[in-house]
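K.L.:
here's my sequence, what's the structure:
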Amino acid sequence: MTDAWARAADKKRLAIKELEKLIPHYKYSDAKSAAMTNDKFCRLLLEKLRISKDTLFGIINTCYEMHIDDGNGLKNLSKIRDELDIFLDEIKVIHLKWDDGIPQKWLEDILSHDLNLIRNSEDIAKNLNSLFKKIISSKKRDAAFWKKISGLDFAIEEQLDGMLRMFREREALLGLKALSFEKAYHAARKDIAEKI
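P.N.:
Below you'll find the predicted structure:
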């Protein structure tokens, strides 16, 4: 176990405790444990986001079957579905390049990103379930209703964009070499923010 990991784990003890409930043996102490942790994390995130994708698919299909239209042909929901597909594909192809010289600060950032990504994936699932219930249970689907729904669409889309940005930052953290961390990380954050 590296000293940096031990210090990061001590400082982020509560986050690790929460993550270990979902990801047994969560740690980035060496190349082997980092690879195993990253693999388990990505599988868990994929699982949680696939649930959201299934819910979204159910919303879109139910709307079509019930002839429910927001006047836009459900373009906002379809856009969120497409963004979710892209995100799922990015998770599937992440490549871990581990350097045992990762500073404590970057390990703490990885821990924070992992925890926030899991929490946000759960929030997206809840928001989509709420959206589904509102669309199905509403008796009156007028312009005011769709305006309210489009606000929820936008919030979910913003949340998904934030997750994608965080995931890309996490990927950058996992792929950097210790000597060029700070410079490369800040350049990657700027580049990621510009693309999104």
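
K.L.:
quote the end-to-end distance of stretch 93-113.
P.N.:
Terminal residues of stretch 93-113 lie 18 Å apart, using C-alpha to C-alpha, to the nearest Å.

K.L.:
do stretch 129-143 as well
P.N.:
End-to-end for stretch 129-143, by C-alpha to C-alpha: 21 Å.

K.L.:
ok, stretch 133-143 next?
P.N.:
End-to-end span of stretch 133-143 (C-alpha to C-alpha): 18 Å.

K.L.:
and that stretch, how far out from the chain's middle?
P.N.:
28 Å (C-alpha atoms, centre = their mean, to the nearest Å).

K.L.:
got the contact list for it?
P.N.:
Outside of stretch 133-143, the residues within contact range by C-beta atoms under 8 Å, 6 or more residues apart in numbering are 59, 62-63, 66, 68, 71, 145, 149, 152. Using the backbone N, CA and C atoms, a C-beta is placed for each residue, glycine as well.

K.L.:
recalculate using a threshold of 7 Å.
P.N.:
Here stretch 133-143 makes contact (C-beta atoms under 7 Å, 6 or more residues apart in numbering) with 59, 62-63, 68, 145, 149.

K.L.:
with stretch 38-47 instead?
P.N.:
Contacts for stretch 38-47 (C-beta under 7 Å, 6+ apart): 22-23, 88, 91-92, 94, 96, 114, 117-118, 121, 174.

K.L.:
show me which positions of that stretch end up buried.
P.N.:
Residues 38, 40-42, 44-46 are the ones in stretch 38-47 that count as buried (16 or more other C-beta atoms under 10 Å).

K.L.:
ok, back up a step: write a PyMOL command that selects only the buried members of the contacts of stretch 38-47.
P.N.:
The buried residues among the contacts of stretch 38-47 can be selected in PyMOL (16+ other C-beta under 10 Å) with this line:
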select buried, resi 23+91+94+96+114+117+118+121+174
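
K.L.:
any stretches of this structure with poor pLDDT?
P.N.:
For the chain, the stretches with pLDDT under 70 are 1, 70-71, 73, 176-196.

K.L.:
helices of that one, start to end?
P.N.:
For the chain, the helices defined by DSSP state H occupy 3-11, 13-22, 31-65, 75-92, 104-137, 143-175, 181-195.

K.L.:
make JSON lines out of the contacts of stretch 38-47 and add distance to residue 139.
P.N.:
Output for the contacts of stretch 38-47, formatted as JSON lines (distance: C-beta to C-beta, whole Å):
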{"residue": "22", "distance to residue 139": "39"}
{"residue": "23", "distance to residue 139": "43"}
{"residue": "88", "distance to residue 139": "35"}
{"residue": "91", "distance to residue 139": "39"}
{"residue": "92", "distance to residue 139": "41"}
{"residue": "94", "distance to residue 139": "45"}
{"residue": "96", "distance to residue 139": "51"}
{"residue": "114", "distance to residue 139": "42"}
{"residue": "117", "distance to residue 139": "37"}
{"residue": "118", "distance to residue 139": "36"}
{"residue": "121", "distance to residue 139": "32"}
{"residue": "174", "distance to residue 139": "49"}
